[in-house]
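Chemist: Here is a sequence together with a model predicted from it:
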Amino acid sequence: AQTVTQSQPEMSVQEAETVTLSCTYDTSESDYYLFWYKQPPSRQMILVIRQEAYKQQNATENRFSVNFQKAAKSFSLKISDSQLGDAAMYFCAYRSRNRDDKIIFGKGTRLHILP
Amino acid sequence: NAGVTQTPKFRILKIGQSMTLQCTQDMNHNYMYWYRQDPGMGLKLIYYSVGAGITDKGEVPNGYNVSRSTTEDFPLRLELAAPSQTSVYFCASSPGQVGLYEQYFGPGTRLTVT
């Protein structure tokens, strides 16, 4: 069965600095999607970034980028120029492209932004 | 567009009671999902639907039932509530398979069973 592991329950970063959140996953499949979701205090989940496993190029969305290492099964999220509004829980998630529409979430990393 | 709406926002149930969590989306999305989020955990899929009249079990379906009679609505039914069902419940929708398309979440329902 697929698993997603986020080994950092909490992290802090100074405003305007860069922070990297870690995620590893376990799967025997070769074709899948990986996601980072943000859950602010309002609780509503928001998609931050998405990566398709067959694309070697790392996805980027403005200040958010990923480091996707397929062989190592690693999918870290880098937030550049951290802003107070980035404070939230961040969840890494996995979905097999070839299976039913079931997404596996990690336990999350709580990110604090220090002014 | 209101997006994905959920009612109620909060609810306290006694053990053994039943209730229905409502979810409606106005984006004409075919795919809809129900997740639960326990404290300190990520989301776990309860049920999902790929279209009206079609539902399928997710990772944690026991103790729940769903129906999908229309594209817009995807209610989640709890029969005989148990303390283990205390959680925050999220409904979500997507135009198609997640990954190909973005998944949109509702604001959640916080349920306490005592």
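Modeler: Structure received. Numbers count the residues shown, from 1 in each chain, chains lettered A, B, ... in the order given.
Chemist: Residue B:85 against residue B:60, yeah?
Modeler: No - under the criterion of CB atoms under 8 Å, residue B:85 makes no contact with residue B:60, lying 10.0 Å away. (Glycine included, C-beta is placed from N, CA and C.)
Chemist: Pull out the buried residues from stretch A:18-28.
Modeler: For stretch A:18-28, the buried set under the neighbour-count rule, 16 or more other CB atoms under 10 Å in any protein chain shown, comprises A:19, A:21, A:22, A:23, A:24, A:25, A:27.
Chemist: Cross-check the contact I'm expecting between the third one and residue A:4.
Modeler: Spelled out, that is residue A:22. No - with contact defined as CB under 8 Å, residue A:22 does not reach residue A:4; the gap is 11.3 Å.
Chemist: Of the buried residues of stretch A:18-28, which belong to strands?
Modeler: Residues from those lying in strands, with DSSP state E as the criterion: A:19, A:21, A:24, A:25.
Chemist: Quick check: chain neighbours aside, which residue is closest to the first one?
Modeler: Excluding the flanking residues, the one nearest residue A:19 by CB to CB, 6 or more residues apart in numbering or on different chains is residue A:13, at 3.8 Å.
Chemist: where are the low-confidence patches of chain B?
Modeler: Within chain B, no stretch has pLDDT under 70.
Chemist: what about the nearest residue to residue B:69 once chain neighbours are set aside, how many neighbours?
Modeler: Nearest non-adjacent residue to residue B:69, counting by CB to CB, 6+ apart: residue B:52, 6.6 Å away. Residue B:52 has 16 neighbours, counted by other CB atoms under 10 Å in any protein chain shown.
Chemist: Can you tell me how far residue B:52 is from residue B:72?
Modeler: Note on residue B:52: its distance to residue B:72, by CB to CB, to the nearest Å, is 9 Å.
Chemist: repeat for residue B:96
Modeler: Taken as CB to CB, the span from residue B:96 to residue B:72 is 17 Å.
Chemist: Who has more neighbours out of those two?
Modeler: The neighbour comparison of residue B:96 against residue B:72 (other CB under 10 Å) goes to residue B:72, with 16 against 13.
Chemist: Quick check, that one in contact with residue B:27.
Modeler: No - between residue B:72 and residue B:27 there is no contact under CB under 8 Å: 9.1 Å.
Chemist: For residue A:74, which residues are in contact?
Modeler: A:22, A:23, A:24, A:67, A:68 (CB atoms under 8 Å, 6 or more residues apart in numbering or on different chains).
Chemist: Looking at these, which is nearest residue A:97?
Modeler: Closest approach between the contacts of residue A:74 and residue A:97, by CB to CB: residue A:68, at 14.8 Å.
Chemist: if you count what's nearby, which of residue B:85 and residue B:60 comes out ahead?
Modeler: The neighbour count for residue B:85 versus residue B:60, taken as other CB under 10 Å, is higher for residue B:85 (20 against 17).
Chemist: Angles on the backbone of the more buried one, please.
Modeler: phi -90, psi 0 (degrees, to the nearest 10).
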